[in-house]
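A.B. asks: take a look and give me a structure for this.
(chains A and B)
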Protein chains: 2
Amino acid sequence: MSNDKRGRKVAIVGATGAVGEVLLSVLEERNFPIKDLLPLASKNDGRSVRFKGKSLPVMETTETAFQDIDFAFFAATGSLSKKLAPIVAECGGIAIDKSSTWRLDASVPLVVPEINPDALDKHKGIVACPNCTTIGFVMALEPIRRKAGLQNVVVTTMQAVSGAGKPGIEELESQLESISRGEEPLNSTFAAPIAANVIPLCEGFRPDGFSTEEVKLLFETRKILDSHALNVSMTCVRVPVPIGHSASILIETESPLSPEEARKAYEAFPGVRLLDDPENNVFPTPRDAAGTDDVIIGRIRRDLASPALWVWQVSDNLRKGAATNAVQIAEEMMARGLK
Amino acid sequence: MSNDKRGRKVAIVGATGAVGEVLLSVLEERNFPIKDLLPLASKNDGRSVRFKGKSLPVMETTETAFQDIDFAFFAATGSLSKKLAPIVAECGGIAIDKSSTWRLDASVPLVVPEINPDALDKHKGIVACPNCTTIGFVMALEPIRRKAGLQNVVVTTMQAVSGAGKPGIEELESQLESISRGEEPLNSTFAAPIAANVIPLCEGFRPDGFSTEEVKLLFETRKILDSHALNVSMTCVRVPVPIGHSASILIETESPLSPEEARKAYEAFPGVRLLDDPENNVFPTPRDAAGTDDVIIGRIRRDLASPALWVWQVSDNLRKGAATNAVQIAEEMMARGLK
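C.D. replies: Modelled structure (predicted):
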């Protein structure tokens, strides 16, 4: 994106996690200008990561690790982000945080670069990356919002196990093996067995009966779209899919919009790809999204009961839902001369 | 249900299919009064079925098989029901049909016995059993409708592969094996691989972009609830679950209803079971429903954006969604002296 090819000093907190590993791939694929790469993890246990053909030792995450760092990507726990992101900012670097810790902080930009890049200009050293589900969701809303406004949105998500990191992926795999051996699947990461099942809970419950994951779809969306009166009604469900979050979305617009106009709006929007040809059984599934950076849209149709539009959206929760969006934020900041 | 224990002559068309096998179990479990049981299939290829410890040879389905039959359960193709159900009726028997062929025919009752048993009184020899998804859905709506009326309902379903019969179950199993061997999963029953994936298509697409499965949720629900102005907005999704359909439902009522009142309405309704204690991570999943006759409800909560209620519903698509409901129809007809 930027013509400024000066190499940056980059740290990755959580470099051995599910998102951390994809971050390394995405930085390499996009040829992100890197002078120094510092992979960090909770402890220095002799592990290393591969980057551009080289093996880099993983170092322990400490408060003193962030001297001279330009960008620190946080893909670890929220408590670590809370403690360390301000230190990165104090050292003059930029913390790009994948946890939920800073997202609703009024002084922290919450950014999807295709949607609200201008929010980056007001950064104070910390930028938040939205939740993996929110990113695909707002990418499905914004092209429609720009054409016809948004009133009410009803969404049910179907979220991949990798949304819970490597433990989620491993739990699905080991449960599938248990079932194939005729044994009961044991669960610890999720609140019920996820193999051969769906679970109407992502993260944990709040006192009002919603899950913490669900309310992100409301509050993060309002902040990213700067639409504080927007209504979002939502249920989030975990499904036995390794990678790729899906969302079934009913969108009530302010002014009328035909399915054909919606298709054109999506086609013209960066980062969005259409797969929508029901006559030929063409629609997107998580398998189509896994490994790509596109948010893929299909099944656009006028609701039978109202002027609202139905939309089906899938995206790779580890790439556009996490690593790719974080790297795009850094690229956009360089393009704006912010780092 | 009935005190009339006179044995009936019962035929099962499609006795070796996924629903047919469960029908045999349910008839046995409920001690349905049977004098003669005639298992029928598309051809007489030497197969037999087990019923009450005996082996019964499967006979070929012919037009002359229905003499003296009291109840013929149809769990085969729609074209077979179209041809043969009228013959059952002409012979003085009652055809209870699981296909979609007769459901919207004005002269055919479409019945969920807990909801609209009176519709049976007007039967003319054919009774339709609703779609497996519709049955769970209307069981989630009717307790609410009786308390507060219904205005608009938005639903996204997550449907098990056994909704497509044995070929659906076998396709999921063989794809899981392919994936575990590192091979590409091949699909023929479903329009995309279903293992490690979700597919936003059940059955086939209509010209308006909805699937044939989706519109059943509108038209069958209106007929069963006798609510012809009810709006239903829907998306149906196939998920890699062997047994158990789920539905994420947003219900807008005519008059206000609190989550607590909704809970009481469900608890008092026959055939419904509550599993709703978010504080203790208690909610229903398809695994809880598989093998039971209950429609299980959980995650009842007030929408954050409106006075509508969110509800999560699961049920065994082969039992209450098919076989159990069909047998309940026959029991209700005997109790009413209709056969």
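A.B. asks: care to break chain A down by domain?
C.D. replies: Annotated domains of chain A cover A:8-130+A:322-335, A:134-317 [automatic domain parsing].
A.B. asks: output the ones you listed as JSON lines; include the columns mean pLDDT.
C.D. replies: Converted to JSON lines, the domains of chain A look like this (pLDDT from 0 to 100):
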{"stretch": "domain A:8-130+A:322-335", "mean pLDDT": "96"}
{"stretch": "domain A:134-317", "mean pLDDT": "97"}
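A.B. asks: which of those domains sits closest to chain B?
C.D. replies: With C-beta to the nearest C-beta as the measure, domain A:134-317 is the member of the domains of chain A nearest chain B (3.5 Å). In short, each C-beta sits where N, CA and C put it, glycine included.
A.B. asks: run the chain-centre distance for that closest one.
C.D. replies: 11 Å (C-alpha atoms, centre = their mean, to the nearest Å).
A.B. asks: how about residue A:82, nearest residue that isn't a chain neighbour?
C.D. replies: In space, and not counting its chain neighbours, residue A:82 is closest to residue A:101: 4.8 Å by C-beta to C-beta, 6 or more residues apart in numbering or on different chains.
A.B. asks: how about the nearest residue to residue A:238 once chain neighbours are set aside, phi and psi?
C.D. replies: Nearest non-adjacent residue to residue A:238, counting by C-beta to C-beta, 6+ apart: residue A:199, 4.3 Å away. The phi/psi pair for residue A:199 (degrees, to the nearest 10) reads phi -120, psi 120.
A.B. asks: distance of residue A:199 from residue B:246?
C.D. replies: 10 Å (C-beta to C-beta, to the nearest Å).
A.B. asks: which one of the two has more residues nearby?
C.D. replies: Neighbours of residue A:199 and residue B:246, each counted by other C-beta atoms under 10 Å in any protein chain shown, are more numerous for residue B:246; the result is 32 against 24.
A.B. asks: quick check: that one vs residue A:206, distance?
C.D. replies: Distance from residue B:246 to residue A:206, by C-beta to C-beta: 21 Å.
A.B. asks: before we move on, what about residue A:171?
C.D. replies: For residue A:171 relative to residue A:206 (C-beta to C-beta), the value is 23 Å.
A.B. asks: likewise for residue A:301?
C.D. replies: Distance from residue A:301 to residue A:206, by C-beta to C-beta: 33 Å.
A.B. asks: can you pick out the residue with more neighbours from those two?
C.D. replies: Using other C-beta under 10 Å as the criterion, residue A:301 and residue A:206 rank with residue A:301 on top: 21 against 13.
A.B. asks: can you pull out the helices in the stretch 201-339 of chain A?
C.D. replies: All helices of the stretch 201-339 of chain A, identified by DSSP state H, counting those that start in this stretch, fall at A:212-225, A:259-267, A:286-289, A:324-335.
A.B. asks: can you lay out the ones you listed as JSON lines showing mean neighbour count and distance to chain B?
C.D. replies: Below are these laid out as JSON lines (neighbours: other C-beta atoms under 10 Å in any protein chain shown; distance: least, C-beta to the nearest C-beta, whole Å):
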{"stretch": "helix A:212-225", "mean neighbour count": "21", "distance to chain B": "6"}
{"stretch": "helix A:259-267", "mean neighbour count": "17", "distance to chain B": "7"}
{"stretch": "helix A:286-289", "mean neighbour count": "24", "distance to chain B": "5"}
{"stretch": "helix A:324-335", "mean neighbour count": "23", "distance to chain B": "21"}
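A.B. asks: JSON lines for those helices, including distance to residue B:72?
C.D. replies: JSON lines is the format used below for the helices of the stretch 201-339 of chain A (distance: least, C-beta to C-beta, whole Å):
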{"stretch": "helix A:212-225", "distance to residue B:72": "47"}
{"stretch": "helix A:259-267", "distance to residue B:72": "43"}
{"stretch": "helix A:286-289", "distance to residue B:72": "42"}
{"stretch": "helix A:324-335", "distance to residue B:72": "58"}
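A.B. asks: can you name the residues of the stretch 101-250 of chain A that neighbour chain B?
C.D. replies: Residues of the stretch 101-250 of chain A found near chain B (C-beta under 8 Å from any C-beta of the partner chain) are A:152, A:154, A:156, A:158, A:176, A:180, A:191-193, A:196-201, A:205, A:208-210, A:215, A:218, A:231-233, A:235, A:237, A:239-242, A:244, A:246, A:248, A:250.
A.B. asks: ok, which of the helices of the stretch 201-339 of chain A comes nearest residue A:310?
C.D. replies: Closest approach to residue A:310 among these (C-beta to C-beta): helix A:259-267, 8.9 Å.
A.B. asks: contacts made by that closest one with the rest, please.
C.D. replies: Residues from elsewhere that reach helix A:259-267, judged by C-beta atoms under 8 Å, 6 or more residues apart in numbering or on different chains: A:143-144, A:146-148, A:257, A:272, A:274, A:276, A:297, A:300-302, A:309, A:311, B:209.
A.B. asks: for residue A:306, grab the count of nearby residues.
C.D. replies: Residue A:306 is flanked by 14 other residues according to other C-beta under 10 Å.
A.B. asks: now do the same contact list for it.
C.D. replies: A:252, B:152, B:231, B:233.
A.B. asks: just the ones of those residues in strands?
C.D. replies: If you go by DSSP state E, the contacts of residue A:306 have A:252, B:152, B:231, B:233 in strands.
A.B. asks: of the residues you listed, grab the buried ones for ChimeraX.
C.D. replies: Command for ChimeraX that selects the buried part of these, burial taken from 16 or more other C-beta atoms under 10 Å in any protein chain shown:
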select /A:252 /B:152,231,233
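A.B. asks: and the ones in strands among the contacts of residue A:306, which two are furthest apart?
C.D. replies: Top of the distance list for these (C-beta to C-beta): A:252 and B:231, 12.7 Å.
A.B. asks: and the residue of chain A positioned farthest from its centre, how close does it get to residue B:31?
C.D. replies: Within chain A, the residue lying farthest from the chain centre (C-alpha atoms, centre = their mean) is residue A:182, at 35.5 Å. Shown here: residue A:182 relative to residue B:31, a distance of 30 Å by C-beta to C-beta.
A.B. asks: need the nearest residue in space to residue A:69, chain neighbours excluded.
C.D. replies: residue A:93 (4.2 Å).
A.B. asks: contacting residues for the one you found?
C.D. replies: Applying C-beta under 8 Å, 6+ apart to residue A:93 gives the contacts A:66, A:68-72, A:125, A:339.
A.B. asks: how about 10 Å then?
C.D. replies: A:8-11, A:66-72, A:85, A:87, A:125-126, A:339 (C-beta atoms under 10 Å, 6 or more residues apart in numbering or on different chains).
A.B. asks: equivalent analysis for residue A:220, please.
C.D. replies: The contact partners of residue A:220, by C-beta under 10 Å, 6+ apart, come to A:100, A:103-104, A:110, A:112, A:128, A:130-131, A:133-135, A:137-138, A:232.
A.B. asks: so of those, which two are at opposite extremes in space?
C.D. replies: A:128 and A:232 (18.5 Å).
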